[in-house]
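>>> next come a sequence and a model predicted from it.
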Amino acid sequence: MRNGEVSYWWQARGVPSRRPPLPGGTDADVCIVGAGYTGLWTAYYLKQADPGLRVVVLEQNFAGFGASGRNGGWVTAGLPGSRSRYARSISGPPRGRDGVRELERYLRETVDEVARVCRAEGIDAGLVKGGTLTIATSAAQDARLRQRLEHERSWGDGPGIVRYLNKAELDARLQVTGAVGALYYPDCARVQPADLVAGLAEAVTRSGVLLYESTRVTSISAGQARTAAGDVRAPVILRCTEGFTADLPGQHRTLLPMNSSMIVTGPLSEAAWKTIGWDGSETFDDAAHAYIYAQRTADGRIALGGRGVPYRFGSRLDHDGEIAASTVAQLGRILRRMFPVTVQAGIDHAWCGVLGVPRDWCAAVSLDPRTGLGWAGGYTGQGVAAANLAGRTLADLVRGVPSPLTTLPWVGHRSPRWEPEPARWAGVRGLYALYRTADRMEAASHSARTSPLARAGDLISGIPH
Ligand SMILES: Cc1cc2nc3c(=O)[nH]c(=O)nc-3n(C[C@H](O)[C@H](O)[C@H](O)COP(=O)(O)OP(=O)(O)OC[C@H]3O[C@@H](n4cnc5c(N)ncnc54)[C@H](O)[C@@H]3O)c2cc1C
């Protein structure tokens, strides 16, 4: 089994040779720090709208080295944050429920926008829009799904946006051992994440954007991004560093680098796929508190992810995605419990990455017109589609054009800062210990009641449901 090496996705397509680094100080109209989906989509839409703009992207490693080349490959319309918090957001013009519903509508439309650009730019990322399932494997999880459905309906989401599937309806799509029912959301696509980010980087450079790799930005201030090779001077500097943000001066408590870990099986036999079904390429997660997420890959494997070690003290990062043997074992147990036939295929590769979590779990897109400093991120693990919408929004904000995107309720949203260490470390580790205990208790009890431990965890953490 391979461990780390950035991700299975990159190893499957081949780790790219690096583009040249920044040769020295230079001037630009817009400088973007970070070449993941957020930075690259922003560059893409800026150039589409105004081909004359001088756009420079600075990447410390290679494009797609971060979460964008390591994720679960759900292009999901899921809202990265809490509806009620966005509705109350007072940073921009108050938009209330209508603003939140508009943001959700744009996120759904974004799934198709990503597919459209893939077609237009010849990006073959194995994208299939099969929707997504949240599966209950206990009575308590099933009860939570039914409550969630009621909540979705109270926000006006009809059966075209989400519907409940009973066990027989679920089994007809996908056979998961112990599953009792599911919620189905049609607005989600499965993708090979590294193929998407690599194709996007190529499209961006084709359009004339200067993308420099192996170029670490050591500080950002109004008008300049500093690197060892020289400064990029630009009236607009955009920080698109999500889970890596804590490493930049002054940003240590802005976004918590939350870890997520994945495993991928070897290719499954025809007979195994006959047992499992899953012909629709839906992505799925479960309704556990420490949930897992999965996709059937375009090359006939199962890729499954979960929290593993949730957070490293002092916001430390992983080394090229390497994960602990205990996390591989834990995810492997879940995989075999859900799909016993996967035992034969074994686990080929395991890796991890970091995603950015703001203290109130609500993503934001911002540009300060006085300083020209902007940023987007904090998608809390729902960033594949959201980064596209954020990129389009940043492009409109930078160009100062009137646009329905620039008044969405996540624009200008401000989250509180994280607690200093060791409170941050103790809080996150304690929270996931609570969630795992709550999951075990719910599975053992057969009761439809959510564990009070998990309720306490939700209250303390502020995680939206
Ligand atoms: C294991 C895992 C599974 C996930 N699964 C899903 C999923 O299925 N669906 C979903 O919607 N979301 C998922 N996410 C979240 C999603 O992948 C991210 O939210 C999204 O990719 C963020 O994109 P980004 O461009 O903002 O950040 P990143 O992709 O992390 O890119 C940031 C880039 O900035 C660079 N950088 C950082 N600091 C500097 C610096 N100082 N100088 C220069 N460059 C710098 C980094 O090297 C990196 O390439 C997952 C995340 C992980 C880790």
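Alright, I've got the coordinates.
>>> worst-scoring helix or strand of the chain, pLDDT-wise?
Within the chain, no helix or strand scores below helix 452-461, which has a mean of 83 by mean pLDDT, DSSP states H and E.
>>> may I have that helix as CSV, with CA atoms only?
Extracted C-alpha coordinates of helix 452-461, given in CSV (Å, rounded to 0.1, in the frame of the first residue of the first chain):
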residue,chain,number,x,y,z
PRO,A,452,-26.6,13.7,24.2
LEU,A,453,-22.8,13.7,23.9
ALA,A,454,-23.1,14.6,20.2
ARG,A,455,-25.6,17.3,21.0
ALA,A,456,-23.1,18.8,23.5
GLY,A,457,-20.4,18.6,20.9
ASP,A,458,-22.5,20.5,18.4
LEU,A,459,-23.3,23.2,20.9
ILE,A,460,-19.7,23.7,21.9
SER,A,461,-18.2,23.6,18.4
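>>> that one - contacts with which helices or strands?
For helix 452-461, the contact count by 3 or more C-beta pairs under 8 Å, 6 or more residues apart in numbering; DSSP states H and E identifies helix 423-445 as packing neighbours. The way it works is simple: take the backbone N, C-alpha and C, and place the C-beta from them, glycine included.
>>> not counting its own residues, what contacts the helix it packs on?
Defining contact as C-beta atoms under 8 Å, 6 or more residues apart in numbering, one finds that helix 423-445 is touched by 137-141, 253, 256, 258, 288-290, 307, 310-311, 313-315, 418-419, 450-451, 453-454, 456-457, 460-461.
>>> before we move on, back to that, what angle do helix 423-445 and the least confident helix or strand of the chain make with each other?
What separates the directions of helix 452-461 and helix 423-445 is an angle of 160 degrees, with axes from the mean of the first three to the mean of the last three C-alpha atoms, to 10 degrees.
>>> in helix 452-461, what counts as buried?
Neighbour counts over helix 452-461 (16 or more other C-beta atoms under 10 Å) mark 453-454, 457-458, 461 as buried.
>>> want to throw those into TSV with distance to Ala246?
As requested, those are arranged in TSV below (distance: C-beta to C-beta, whole Å):
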residue	distance to Ala246
Leu453	29
Ala454	27
Gly457	23
Asp458	24
Ser461	18
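>>> the ligand: which of those is nearest?
Checking those against the ligand by C-beta to the nearest ligand atom gives Ser461 as the nearest, at 18.1 Å.
>>> what sits against the residue nearest to Cys362 when sequence neighbours are not counted?
The shortest distance from Cys362 to any residue other than its chain neighbours is 3.4 Å, reached at Gly81 (C-beta to C-beta, 6 or more residues apart in numbering). Contacts here follow C-beta under 8 Å, 6+ apart; on that basis Gly81 touches 360-363, 380, 410, 413, 464.
>>> let's see it at 7 Å
Going by C-beta atoms under 7 Å, 6 or more residues apart in numbering, Gly81 touches 361-363, 380, 410, 464.
>>> switch those over to CSV; also include pLDDT, distance to Thr283 and neighbour count.
Conversion of the contacts of Gly81 to CSV gives the following (pLDDT from 0 to 100; distance: C-beta to C-beta, whole Å; neighbours: other C-beta atoms under 10 Å):
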residue, pLDDT, distance to Thr283, neighbour count
Trp361, 93, 21, 20
Cys362, 95, 23, 25
Ala363, 97, 20, 28
Thr380, 95, 17, 25
Trp410, 95, 23, 29
Pro464, 71, 20, 17
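>>> much appreciated, bye for now.
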